[in-house]
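Engineer: Below are the sequence and a predicted model; questions follow.
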Amino acid sequence: METAERSQAAVFDLDGSLLSSDKNISPRSHAALSACRDRGVRLAFATARPPRAVAEYGLDAYGPLICYNGARYLLPGSAILRRHCLSRQLLTELCAFIRARLPGFLINVEVDDLWLACGDIEAHDFFGDWLGPRSASLGELCAAEAEKLFLLDFPELDALRAAFDSRCVIHATDSGRLLQISACGAGKEAAVAELCRAWGIPPSVLICFGDDANDAGLFRFVRDSGGAAIAMDNAIPELKALASRITASNDQDGVALELEKLLGS
């Protein structure tokens, strides 16, 4: 079991990990985060969410926020903002591919914390109140500096992967319902590696928490570096197979339980 001296930094996925199923952070988890911060453990939060959908939780008081699966983050102690955007050429090709197979299918992009949607906007309830989409033309989408393209219930994932897997990062999360596409080089693991360099610590002193496919790269990076990758009990089987160990579910304060062990509570 890790000690506070060994694990100097912790990285948390939000949905399905730190957040309970009702999208809250429990008082026990808040207390554990505060205790870690006070003990000098570095904290960071890595999520698929846009910044506006993280702000309500006040997590910036604990540490850096990594959004869009690593496509956007601010380096600690500086004003250096990293944005990894899909090229306009690739974005145009992706949109053309989607529309050629499913004309009228809703295409969404995130652009500098703004959600643009082209098509029949009917998926808003899936995402909750994220200051939801602004309608845009296909031309506007293709001209955007998009940090993420995402699709809900897209039926041709295999064909899309075959056409684009080598040119971008594709995650199918939320039981396969949500397809998220980012630029090559964007990933939670790349963002966390840069945070470690900024903090001046090796990744071997990291612990991380996750539950879904978009945490797999981070798990491999942390585990292969000698750190601990901790899967929630509610995690997908593929992520559990990559984990150093498995903790309790997000509804059973699994994150807080591990942090309390870390601090010897």
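Structural biologist: Received the coordinates, thanks.
Engineer: Show me where the stretch 101-250 of the chain has its strands.
Structural biologist: 107-111, 114-118, 134-135, 148-152, 168-173, 178-183, 206-210, 228-231, 245-246 (DSSP state E, counting those that start in this stretch).
Engineer: Least confident of the ones you listed, on average?
Structural biologist: With a mean of 90, strand 134-135 has the lowest mean pLDDT of those.
Engineer: quick one on the thing from earlier: quick one: closest of the strands of the stretch 101-250 of the chain to G63.
Structural biologist: strand 206-210 (12.6 Å; CB to CB). C-betas here are computed from N, CA, C, even on glycine.
Engineer: Hmm, V205 and V11 touching each other?
Structural biologist: No: in this structure, V11 is not within contact of V205 by CB atoms under 8 Å, at 11.5 Å.
Engineer: Compare the two (neighbour count), which wins?
Structural biologist: V11 (30 against 21; other CB atoms under 10 Å).
Engineer: Let me see the contact set for the closest residue to that one other than its chain neighbours.
Structural biologist: Once flanking residues are discounted, V11 sits nearest to C208: 4.2 Å by CB to CB, 6 or more residues apart in numbering. With contact set as CB atoms under 8 Å, 6 or more residues apart in numbering, C208 has these partners: 10-13, 46, 192, 215, 218-219, 222, 227-230.
Engineer: Dump these into TSV; add distance to N108 as well.
Structural biologist: Below are the contacts of C208 laid out as TSV (distance: CB to CB, whole Å):
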residue	distance to N108
A10	31
V11	26
F12	25
D13	21
A46	21
V192	26
D215	21
L218	24
F219	26
V222	30
G227	33
A228	34
A229	30
I230	31
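Engineer: Just the C-alphas of stretch 256-265, formatted as CSV.
Structural biologist: Below are the C-alpha coordinates for stretch 256-265, written out as CSV (Å, rounded to 0.1, in the frame of the first residue of the first chain):
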residue,chain,number,x,y,z
ALA,A,256,-12.1,8.7,-0.6
LEU,A,257,-11.4,5.2,0.7
GLU,A,258,-8.1,5.0,-1.2
LEU,A,259,-7.1,8.5,-0.2
GLU,A,260,-7.7,7.7,3.5
LYS,A,261,-5.5,4.7,3.2
LEU,A,262,-2.9,6.8,1.5
LEU,A,263,-2.9,9.3,4.4
GLY,A,264,-3.0,6.5,7.0
SER,A,265,-6.4,7.6,8.3
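Engineer: Reformat the strands of the stretch 101-250 of the chain as CSV; add distance to L18.
Structural biologist: As requested, those are arranged in CSV below (distance: least, CB to CB, whole Å):
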stretch, distance to L18
strand 107-111, 21
strand 114-118, 23
strand 134-135, 29
strand 148-152, 20
strand 168-173, 16
strand 178-183, 18
strand 206-210, 7
strand 228-231, 12
strand 245-246, 16
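Engineer: Figure out which of those is closest to L59.
Structural biologist: Closest among those, once you apply CB to CB, is strand 206-210, at 13.5 Å.
Engineer: hey, where'd the helices end up in the stretch 101-250 of the chain?
Structural biologist: Taking DSSP state H, counting those that start in this stretch to define them, one finds helices in the stretch 101-250 of the chain at 124-127, 138-142, 157-164, 188-199, 216-224, 237-240.
Engineer: Out of the ones you listed, which is closest to L106?
Structural biologist: helix 124-127 (10.1 Å).
Engineer: mean confidence for the closest one?
Structural biologist: Summarised as a single mean, pLDDT over helix 124-127 is 66.
Engineer: What separation do you get for P64 and R52?
Structural biologist: Distance from P64 to R52, counting by CB to CB, to the nearest Å: 17 Å.
Engineer: swap that for L43, sorry
Structural biologist: Counting by CB to CB - L43 and R52 are separated by 21 Å.
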